[in-house]
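>>> can you look at this prediction? I've put the sequence above it.
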Amino acid sequence: GAVVSQHPSRVICKSGTSVKIECRSLDFQATTMFWYRQFPKQSLMLMATSNEGSKATYEQGVEKDKFLINHASLTLSTLTVTSAHPEDSSFYICSAPGTLATEAFFGQGTRLTVV
Amino acid sequence: AQSVTQPDIHITVSEGASLELRCNYSYGATPYLFWYVQSPGQGLQLLLKYFSGDTLVQGIKGFEAEFKRSQSSFNLRKPSVHWSDAAEYFCAVGGYNQGGKLIFGQGTELSVKP
């Protein structure tokens, strides 16, 4: 099956710094990728849709200047959390649709802790 | 509005007992339905999915789910639960024109007692 790799799996950063999370489709191409955020004991909430070659589409309430998304190629999307604060600490998961775009393949997730 | 509701936040069952996790959805078009499982600190693993056809779908690890359009439900079942099934379970809905974008329910935490 299709594999999506997310890196790093865990990261701890200081408040005010920026952190980049990578999401790669290993054996297929993805013109679109999705970024979700999950707080402890809560569900996954879609943050944004990453589009290869164009700007990302952000969900309502998500700060696009804080969560920078770049879809550099057909296999790579990155999420950069800029000027991170402790309230940004969360579990971030990416996904990419399969060939028929009817289902999604998820990365392993990234646990971000801002201290 | 499109939404997914999992009425049970936490369920505890005895090992060997049967399990049913409830999922109700609201979706304007033909839904694509999914069940995922998440272990603590881990990503999501797809248990099963429904797109069309037979409304009873079989998944991995002995799970099955039944799509009931009249009830807007897609409940997950397992006849005999194992201790390793303890995890968080998410129901999700998408559609053919959503390009893989999913809406998730709140999740149900399953505990298994010996």
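Cool, got the structure.

>>> counting neighbours, what do you get for B:Val13?
When neighbours are counted by other Cβ atoms under 10 Å in any protein chain shown, B:Val13 registers 18. C-beta coordinates here come from the backbone N, C-alpha and C atoms, glycine included.

>>> no, scratch that, I was asking about B:Pro79
Applying other Cβ under 10 Å, I find that B:Pro79 has 11 neighbouring residues.

>>> same question, the one 4 residues further on
Here the number of neighbours of B:Trp83 (other Cβ under 10 Å) works out to 11.

>>> doesn't B:Leu110 make contact with it?
No. B:Trp83 is beyond contact range of B:Leu110, at 10.6 Å (criterion: Cβ atoms under 8 Å).

>>> where does A:Leu100 land on pLDDT?
In this model, A:Leu100 is scored at 71, pLDDT.

>>> and it, how many neighbours?
By other Cβ under 10 Å, neighbour count at A:Leu100 equals 9.

>>> A:Glu22 versus that one, what's the distance?
Distance, A:Leu100 to A:Glu22, by Cβ to Cβ, to the nearest Å: 25 Å.

>>> gap between A:Pro86 and A:Lys64?
A:Pro86 is 21 Å from A:Lys64, by Cβ to Cβ.

>>> so after the lowest-mean-pLDDT helix or strand in chain A, what's the next helix or strand?
One helix or strand of chain A scores below all others by mean pLDDT, DSSP states H and E: strand A:104-106, with a mean of 90. Next helix or strand after strand A:104-106 toward the C-terminus (DSSP states H and E): strand A:110-114.

>>> and the strands in chain A?
A:4-7, A:10-13, A:19-25, A:32-38, A:44-51, A:57-58, A:67-73, A:76-81, A:90-97, A:104-106, A:110-114 (DSSP state E).

>>> with chain B instead?
Along chain B, the segments classed as strands by DSSP E run B:3-5, B:10-14, B:19-21, B:24-26, B:32-38, B:45-50, B:56-58, B:64-68, B:73-78, B:87-94, B:103-104, B:108-113.

>>> show me what the fifth one is in contact with.
With Cβ atoms under 8 Å, 6 or more residues apart in numbering or on different chains as the contact definition, strand B:32-38 has outside contacts at A:102-103, A:106, B:21, B:23, B:25, B:44-51, B:59, B:61, B:63, B:65, B:67, B:74, B:76, B:87-96, B:98, B:102, B:107.
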